[in-house]
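Asks: build me a model:
(chains A and B)
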Amino acid sequence: MHRTTITQARELLRQKKLSSVQLTEAVFARIDQVEEKVQAFAHLTREKALEQAKQADVRIAAGEDAPLLGIPIALKDLICTEGSRTTCSSKILDQFVAPYNATVVEKLNQAGAVIVGKTNMDEFAMGSSNENACHHPTMNPWALDRVPGGSSGGSSAAVSAHECVAALGSDTGGSIRQPASFCGVTGLKPTYGRVSRFGLVAFASSLDQIGPLTKTVADAATLMNVIGGKDPRDSTSANVTLPDFTQALQKDVKGMKLGIPKEYFTTGGINPAVEKAVQEGIRTLESLGMQTVEVSLPHLDYAVATYYIIACAEASTNLSRYDGVKYGYRSEKSDNLVNMYENTREEGFGEEVKRRIILGTFVLSSGYYDAYYLKGQKVRTLIKQDFENALEQCDVIASPVTPYPAFKLGEKLNDPLQMYLADIYTISANLAGIPAMSIPCGFADGLPVGLQLMGKHFDEASLITAGHKFQQATDFHTKENPL
Amino acid sequence: MTKIIDIEHVARLARLKLTPDEKERLSGQMGTILEYIEKLNELNTDEVEPTAHVLGLNNVFREDEPAVKPLADHNLISESPAHDKGHYEVPQII
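Replies: Next up is the predicted model:
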């Protein structure tokens, strides 16, 4: 029962063949069975979930229908939930209980979702392996000695291990798509501004976006319908009409143009088995009627450098709020205020977060701003223009998500630059603000490989159409891990 | 050539009290990362406008009202690691 998708579960709940309490209990039974191995969660909200499931059953019995009514969902632990902890997998927020719900949580509640718990992540969403978490690392359900990816690795592992029916994550440089790819699930980063970030703990504000991690593209469409839209409480959320994304599931791909950026196969050191799976995925889309065209994204090789300037600069300012005064952790061993700030931050932040604060503070500091930060913003313009040009020639761009499948725990932990380069194919979509999705397209050495689909601003629908047709024609997304 | 940043100065700006070990490790890693970032100088960007925000939003105005209604039973001060009689407590400032 825990293996169900949102679409399947909704049907069973509607037909009263299943209750939300039964489904929620099945999900918790699965958690009890596998969580010790996977460690996908930072903390669970079991009692509250069962209460929500009971309420959902009452609503169903009263004849109500809502898109997620009675469905167990997990949330990355940087999405604020009133009355339960939101830790960002950081010691500095380990005991923090948000006084309000994020807008996406309110929307999930209205849609009837049951919140299973908060998933583990790289601290403050900084990392590509989930190893930078204060609680514990998370393991990849496909191979427990390998990372699930990051920073939404807890969400991707929980979906892959069926410890929830679907999850929300956040993506600043690939943090939904890379773990989705590593764990063999579907992950969608919406257009910048599509989903409200009110109540999302900020990492890099010009890049962050909340999105779904699901078992199918159809489920991603359902979640997008719920979480998308303008929110007056997030001034960066866009005032753009929210289409019914489930309509995009009915559309055909015939005649749609699929752009293939040649640079993605010559830059970044792509593993041959990953390349083979991605090329076969592209051929499948061709066989479904998409017309491929070669496009060029010439500044790909500059994306990682640009991203780490901009993301770290924004992170260093966003994280200056953690000072030990109004909430969160405070160091005990201080005799004056400045000392207290310095000790609190030294003890409260992990190494990767400190590294990025230092890098971000440096590139914004007097004498270096123009050479680094301004330069990064200018190259960002070039990368954005690359996508505008390429997307004039096609509807969707297809590429790899990562150069290689899931790597071993510890393998890249002592080489930050190598860890950063793991994000080479995903980062550009954040810099350009466009929507991008990872869908399972094959295996490399028995580990899942993702195919990335990228589209025009606010055209998630085309990604959903192409991704859904792909999943109707293939079975990679239904393959089960050995867990 | 590896560029060494003034790690003491940057850590002070960031209000981070790094250990001697961290200072050494981070300045080495910053050298490697900044060396990699140098590759941006291969591009001539003299005529390129910087991008701060992809949607090109200008000012977004709203009524000056609280976004969240404070919960009756939630005392925000109680979130603080040190507070007394409804005030935040901090170590000596002067």
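Asks: got a list of contacts for stretch A:265-273?
Replies: Identification of contacts with stretch A:265-273 by Cβ atoms under 8 Å, 6 or more residues apart in numbering or on different chains yields A:264, A:275, A:300-301, A:400, A:403-405, A:421, A:424-425, A:443-445, A:449. Just so you know, the C-beta spots here come from the backbone N, C-alpha and C atoms, and that holds for glycine as well.
Asks: can you narrow those residues to ones near chain B?
Replies: Filtering those for proximity to chain B (criterion: Cβ under 8 Å from any Cβ of the partner chain) leaves A:Asp301.
Asks: nearest to A:Arg380 among the contacts of stretch A:265-273?
Replies: Nearest to A:Arg380 among the contacts of stretch A:265-273 is A:Leu300, at 13.2 Å by Cβ to Cβ.
Asks: gap between the closest one and chain B?
Replies: As judged by Cβ to the nearest Cβ, to the nearest Å, A:Leu300 and chain B stand 12 Å apart.
Asks: can you pull the contacts of that residue?
Replies: By Cβ under 8 Å, 6+ apart, the contact set of A:Leu300 is A:Pro261, A:Glu263, A:Tyr264, A:Thr267, A:Gly268, A:Asp386, A:Ile424, A:Tyr425, A:Ser428.
Asks: check A:Glu25 too.
Replies: A:Leu50, A:Ala53.
Asks: restrict the contacts of stretch A:265-273 to the buried ones and give me that as a PyMOL selection.
Replies: To isolate the buried subset of those in PyMOL, counting by 16 or more other Cβ atoms under 10 Å in any protein chain shown, use the following:
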select buried, chain A and resi 264+275+300+400+403+404+405+421+424+425+443+444+449
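Asks: mind listing what the residue nearest the centre of chain B touches?
Replies: Centroid-nearest residue in chain B: B:Ala14, 7.3 Å away (criterion: Cα atoms, centre = their mean). Contact partners of B:Ala14, counting by Cβ under 8 Å, 6+ apart, are A:Ser316, A:Ser320, A:Arg345, A:Ile357, A:Ile358, A:Thr361.
Asks: got the residues you listed as JSON lines, with secondary structure columns?
Replies: JSON lines is the format used below for those (DSSP: H, G, I helix; E, B strand; the rest coil):
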{"residue": "A:Ser316", "secondary structure": "helix"}
{"residue": "A:Ser320", "secondary structure": "helix"}
{"residue": "A:Arg345", "secondary structure": "helix"}
{"residue": "A:Ile357", "secondary structure": "helix"}
{"residue": "A:Ile358", "secondary structure": "helix"}
{"residue": "A:Thr361", "secondary structure": "helix"}
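Asks: pull out the buried residues from the residues you listed.
Replies: The neighbour-count test (16+ other Cβ under 10 Å) applied to these identifies A:Ser316, A:Arg345, A:Ile357, A:Ile358, A:Thr361 as buried.
Asks: tell me the one of those residues nearest A:His135?
Replies: Distance to A:His135, by Cβ to Cβ, is smallest for A:Arg345 among the buried ones among the contacts of B:Ala14, at 19.3 Å.
Asks: so that closest one touches B:Arg15, yeah?
Replies: Yes: if you go by Cβ atoms under 8 Å, A:Arg345 and B:Arg15 touch, sitting 5.8 Å apart.
Asks: export stretch A:121-132 as CSV, just CAs?
Replies: What follows is stretch A:121-132, C-alpha atoms only, in CSV (Å, rounded to 0.1, in the frame of the first residue of the first chain):
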residue,chain,number,x,y,z
MET,A,121,19.0,17.9,4.1
ASP,A,122,22.4,19.4,3.7
GLU,A,123,22.6,22.2,6.3
PHE,A,124,20.8,25.3,5.0
ALA,A,125,20.5,23.5,1.7
MET,A,126,24.2,23.8,1.1
GLY,A,127,25.6,20.6,-0.4
SER,A,128,25.1,17.9,-3.0
SER,A,129,25.2,14.8,-0.8
ASN,A,130,23.2,15.3,2.4
GLU,A,131,26.4,14.7,4.3
ASN,A,132,26.4,18.3,5.6
